[in-house]
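[1] The following comprises the amino acid sequence and a computationally predicted model.
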Amino acid sequence: SFKAKKWHLYLLDWCYVVTYLSTICSVVAFIRVSTGITTALIEYNSDLIHAGFAMACGPLAWSVFVFRNSIVFHDLEHSTSVFIHLSPFVFFWCLRWGSGVPSLIERTWPTMFHVCDSMTDFEAADTCMETWKGMLWCKACSASPLAFVIPPAILYLFVWSLPYYIIVLHRWREWCEETGHETLYSYFADTHPKAKE
């Protein structure tokens, strides 16, 4: 288990946090649509989807290759690692592109996820999926490049990076070293000694 190997601080790493955030936001959206109970997050639905898409389909998806994750069905650690890195990618990709029919998401769960501004935009995105060129680049339901940079950067810095640095890498540093608890940073420092120089 992670705790026996002193790996449980990995559960605070960015890949897990993105998975937690996408799960929490999906549950909150489901509760809002099912019961009518709203939260302050409804105002940021579109921004959160853009941020989630950028984080999950960007650094998180690429980390599968960087960390050489592989599916080994008889090994729980490998399977968990692949799942944690790829499940948000698959979720946000399908949410954005509707598994080939973007309007399917809006028809199935009306107003649950604010991906496009109107049903007309969704239908234009559906048309994009009919050609290879449209699949590679579609202007329907588009957002500015800053929408895919600013919200993810704010989430990364203030929700994870600064708290992680202050708590894990600063406050718990000696405790981690004394007890042998491993973090992603200590793992890379141990496996890549030239990085310490």
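    Yep, that arrived.

[2] all helices of this structure, in order?
    With DSSP state H as the criterion, the chain has helices at 14-35, 45-55, 61-66, 76-97, 103-108, 119-128, 132-136, 150-154, 162-164, 173-179, 184-191.

[3] Can you say which of these is nearest to Phe2?
    Of all the helices of the chain, helix 76-97 sits nearest to Phe2, with 8.3 Å by CB to CB. Using the backbone N, CA and C atoms, a C-beta is placed for each residue, glycine as well.

[4] Check which helices and strands that closest one sits against.
    Counting contacts by 3 or more CB pairs under 8 Å, 6 or more residues apart in numbering; DSSP states H and E, helix 76-97 packs against helix 14-35, helix 45-55, helix 61-66.

[5] Buried deepest among these, which one?
    Highest mean neighbour count among those (mean count of other CB atoms under 10 Å): helix 45-55, with a mean of 22.

[6] hmm, who's touching that helix?
    With contact meaning CB atoms under 8 Å, 6 or more residues apart in numbering, helix 45-55 is reached by 18, 21-22, 25, 29, 41, 88, 92-93, 95-96, 113-115, 143, 147-149, 151-152, 154-156.

[7] picking up where we left off before, go through the helices of the chain and name the closest to Ala4.
    Per CB to CB, nearest to Ala4 of the helices of the chain: helix 76-97, 11.9 Å.

[8] Any buried residues in the closest one, and which?
    Judged by neighbour count using 16 or more other CB atoms under 10 Å, the buried positions of helix 76-97 are 81-82, 84-89, 91-93, 95-97.

[9] In JSON lines, list these along with distance to His50 and pLDDT.
    Formatted as JSON lines, the buried residues of helix 76-97 follow (distance: CB to CB, whole Å; pLDDT from 0 to 100):
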{"residue": "Ser81", "distance to His50": "26", "pLDDT": "81"}
{"residue": "Val82", "distance to His50": "25", "pLDDT": "83"}
{"residue": "Ile84", "distance to His50": "22", "pLDDT": "85"}
{"residue": "His85", "distance to His50": "20", "pLDDT": "86"}
{"residue": "Leu86", "distance to His50": "20", "pLDDT": "88"}
{"residue": "Ser87", "distance to His50": "19", "pLDDT": "89"}
{"residue": "Pro88", "distance to His50": "14", "pLDDT": "91"}
{"residue": "Phe89", "distance to His50": "15", "pLDDT": "90"}
{"residue": "Phe91", "distance to His50": "14", "pLDDT": "88"}
{"residue": "Phe92", "distance to His50": "10", "pLDDT": "87"}
{"residue": "Trp93", "distance to His50": "13", "pLDDT": "85"}
{"residue": "Leu95", "distance to His50": "11", "pLDDT": "82"}
{"residue": "Arg96", "distance to His50": "9", "pLDDT": "80"}
{"residue": "Trp97", "distance to His50": "14", "pLDDT": "78"}
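
[10] Thank you, goodbye.
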